[in-house]
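1. coords please:
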Amino acid sequence: MSILNAEVEFARTLSTLVGKPFQEEVCRFLRRSVRDFQHVPAQPQGDGGIDGYSHDQTVAYFCYGPDDTQNLTPKALAKKVIKKFRDDLRRLCEVKAKGRNNLVHASNNALPTIMGMGKRFQTVRLIVSVLNSHEVLGPLTDAFNECRQASLCAFVEPSAGMTIWGPAELATEGVVDDATVLRLQHRDVVNRLDALFQSTPLPKVPIVTSDFDAKFDWIDSHSPPDSPGTGDLRSHFMARWLVAIAVEDDLANNAPAHHQVLARLREDVVVDADLESRTLPGAAALIKTMRATLKERLRDAFDGLLPPETIGKLVDGEVGLLIGECPVNWIASS
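-> Prediction:
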């Protein structure tokens, strides 16, 4: 996919997200693309209305993915966007409405602990999931000017500027590659898998560990007396095995197309493991070869379905599964 096509597909996919998922993906992209971008956590003390900042706290970011955009007229959508961002700008400038046309000071208690001493924003970026009408531009520019004029300007420069971005404008802020698009297109699957990879405690799944333990016991019994043993290696592959089973269950229940790819891959890898176990001498050579084989096969099988970093995390889980369920067997080859 060319860079231009990747940017178009990134913008198209991002525009379909609403609410928190939109904010999460915008912040994820900005972390990769913008120098010193810092997401502001909303919990537990609140984010002061700011989703993130960068450039030594001189640029502030606000994100909004309105829901039900397909059923709103352009005018109704513009009205919704204007209201949301106008409220954000008022919180940033520490003002609130009093009467019909007046703005008065209203402290934002979160900002003093978010901002560094003497820091003030010089640029404000408003990022919305759908920007298909110019009708938001003038009203939001006016709203920001009114807020600045009524503000004590404790956290925003009196001369600060503001821009309004949609997904297409955001895409030009950094490099959009195939992996970025894939992660966005399959964000639900990737997020669930990442949660499994990081899960503590490990997923509770029923397994029989006798063959797995026997193989590592064999390594320990055939190692020199002063060898450090296989404890860490054993724990690593056991943990990855448990995750591999949980991953399979998740894909079977939530992403059947991905599960079918994994099932076909495992059928082929079982044959590879059996053949390698008959020819390669020793556990180290066999595990190293199977890791390399799985890395290549997973990359080929999930190309276009999962980003490379997620595929990489699957490798040792599949090796652990092969060790635990017998195809990888260095005892038989020794």
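
2. how about stretch 87-94, which residues are buried there?
-> Asp88, Leu89, Arg90, Arg91, Leu92, Cys93, Glu94 (16 or more other Cβ atoms under 10 Å). For glycine as for every other residue, the C-beta is placed from the backbone atoms N, C-alpha and C.

3. what's near enough to touch the fifth one?
-> It refers to Leu92. Gly48, Gly49, Ile50, Ala60, Asn108, Leu111, Phe121, Val124, Cys147, Phe155, Val156 (Cβ atoms under 8 Å, 6 or more residues apart in numbering).

4. can you pick the most crowded of those?
-> Neighbour counts for the contacts of Leu92 peak at Ala60, which has 30 neighbours (criterion: other Cβ atoms under 10 Å).

5. leaving out chain neighbours, which residue sits closest to it?
-> Phe121 (4.5 Å; Cβ to Cβ, 6 or more residues apart in numbering).

6. test of understanding: give the bridge partners of the one you found.
-> The partner list for Phe121 in beta bridges (DSSP bridges) reads Val156.

7. residues touching the nearest residue to Ser159 once chain neighbours are set aside, list them.
-> Counting by Cβ to Cβ, 6+ apart, Gln122 is the residue found nearest to Ser159 once chain neighbours are left out, at 7.7 Å. Applying Cβ under 8 Å, 6+ apart, we find Gln122 in contact with Thr58, Val59, Glu157, Ser159, Ala160, Gly161.

8. just give me the closest of those to Val208.
-> Val59 (55.4 Å; Cβ to Cβ).

9. check contacts around the closest one.
-> By Cβ under 8 Å, 6+ apart, the neighbours of Val59 are Tyr53, Phe121, Gln122, Thr123, Val124, Arg125.

10. these two touch, right, the second one and Phe155?
-> Yes - in this structure, Phe121 sits in contact with Phe155. The criterion is Cβ atoms under 8 Å, and the distance is 6.4 Å.

11. Met162 sits in which helix or strand?
-> Using DSSP states H and E, Met162 maps to strand 156-165.

12. which ones among the contacts of Leu92 map onto helices?
-> Judged by DSSP state H, those include Leu111, Cys147 as members of helices.

13. got JSON lines for the contacts of Leu92, with pLDDT and distance to Gly304 too?
-> JSON lines is the format used below for the contacts of Leu92 (pLDDT from 0 to 100; distance: Cβ to Cβ, whole Å):
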{"residue": "Gly48", "pLDDT": "85", "distance to Gly304": "40"}
{"residue": "Gly49", "pLDDT": "89", "distance to Gly304": "39"}
{"residue": "Ile50", "pLDDT": "94", "distance to Gly304": "36"}
{"residue": "Ala60", "pLDDT": "97", "distance to Gly304": "36"}
{"residue": "Asn108", "pLDDT": "94", "distance to Gly304": "45"}
{"residue": "Leu111", "pLDDT": "94", "distance to Gly304": "44"}
{"residue": "Phe121", "pLDDT": "98", "distance to Gly304": "40"}
{"residue": "Val124", "pLDDT": "98", "distance to Gly304": "38"}
{"residue": "Cys147", "pLDDT": "97", "distance to Gly304": "46"}
{"residue": "Phe155", "pLDDT": "97", "distance to Gly304": "45"}
{"residue": "Val156", "pLDDT": "97", "distance to Gly304": "44"}
